[in-house]
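Novice: A predicted structure for the sequence below; I have some questions about it.
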Amino acid sequence: MTLFFLSTELIQGQENPSRYLLSMQRKYSGLKDYTADIRIHFDMEALKAPDMQAKLYYKSPDKMKVESKGVFFFPREAGYFNPSTFKPEDFEVKFLEHLIYERKSAVRLQLTPRELKRSNQRFVLTVDMDQNLILRIDSLTVEGRKMIATIDYGKFEEFDLPTHIEIQLEVPPTEPERMREFGPFAQKSKGVTGKVDITYSNYKVNSGLSDEIFRETEPLKSK
């Protein structure tokens with residue numbers, strides 16, 4: 001038993017966890033932009049809203065715009081795919097474990113921002129080791145806000161891009177400023193718990209999106 005624990009510690013000591021993030025960056029180095037149609041379904045106690053549809057525009061490295069006909073609420077933290085979100089140089093990366101996740105060989109990594117400007121948010125990523133894909137994102141803030149995002153992918157051109165993201169949220173009632181993100185649909189006296197389903201379709205990849213499309217939208221930055 002003692003030898004097993006020593007072997008495990010040795011493996012973890014030799015592991016270079018940042019290499020998984022670097023592999024993901026290399027995988028998507030040719031992704032310059034994409035557009036997609038998105039549909040959002042809310043299943044949340046404190047958020048009463050119909051399904052919403054919009055078009056999502058993304059341009060590397062951090063430009064994002066959502067275009068819809070009416071009022072649109074979008075979970076920005078995990079609702080759109082940006083392969084440069086988790087840059088190795090921006091995080092202290094710790095190896096947690098190897099595991100089998102959804103029948104895939106995976107690794108779990110803990111990411112702590114080097115600069116505490118993301119609402120003191122910490123992440124745990126579950127990464128498909130063979131395909132270099134993030135399968136699940138767990139995040140927690142010091143205020144107690146929890147989020148779990150699970151991601152399904154499809155092949156578009158030569159890139160694996162999300163077809164469905166399920167986000168489970170738990171926002172404590174002590175964060176009224178977070179409630180305002182959900183607009184008039186939210187009951188501001190309560191916390192937010194529940195699920196958000198985002199479906200992606202009709203991708204167009206590397207179509208040469210102009211910067212003018214994002215002229216009124218600042219680059220998306222994590223807090």
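Specialist: Yes, it's here.

Novice: the bottom helix or strand of the protein by mean pLDDT?
Specialist: helix 2-14 (a mean of 44; mean pLDDT, DSSP states H and E).

Novice: and the following helix or strand past that helix, what other elements does it pack with?
Specialist: Note on helix 2-14: by DSSP states H and E, the next helix or strand toward the C-terminus is helix 18-27. Counting contacts by 3 or more C-beta pairs under 8 Å, 6 or more residues apart in numbering; DSSP states H and E, helix 18-27 is packed against strand 91-101, strand 104-113. Yep, even glycine has a C-beta here, placed from its N, CA and C like the rest.

Novice: so how far is the shortest one off the chain centroid?
Specialist: Using C-alpha atoms, centre = their mean, to the nearest Å, the distance from the centre of strand 104-113 to the centre of the chain it belongs to is 13 Å.

Novice: ok, the first one next?
Specialist: On the basis of C-alpha atoms, centre = their mean, the separation between the geometric centre of strand 91-101 and that of its chain is 16 Å.

Novice: what's the angle from it to strand 104-113?
Specialist: Following axes from the mean of the first three to the mean of the last three C-alpha atoms, to 10 degrees, one obtains 160 degrees for the angle between strand 91-101 and strand 104-113.

Novice: same for strand 91-101, what does it pack against?
Specialist: Applying 3+ C-beta pairs under 8 Å, 6+ apart, we find strand 91-101 packed against helix 18-27, strand 104-113, strand 122-128.
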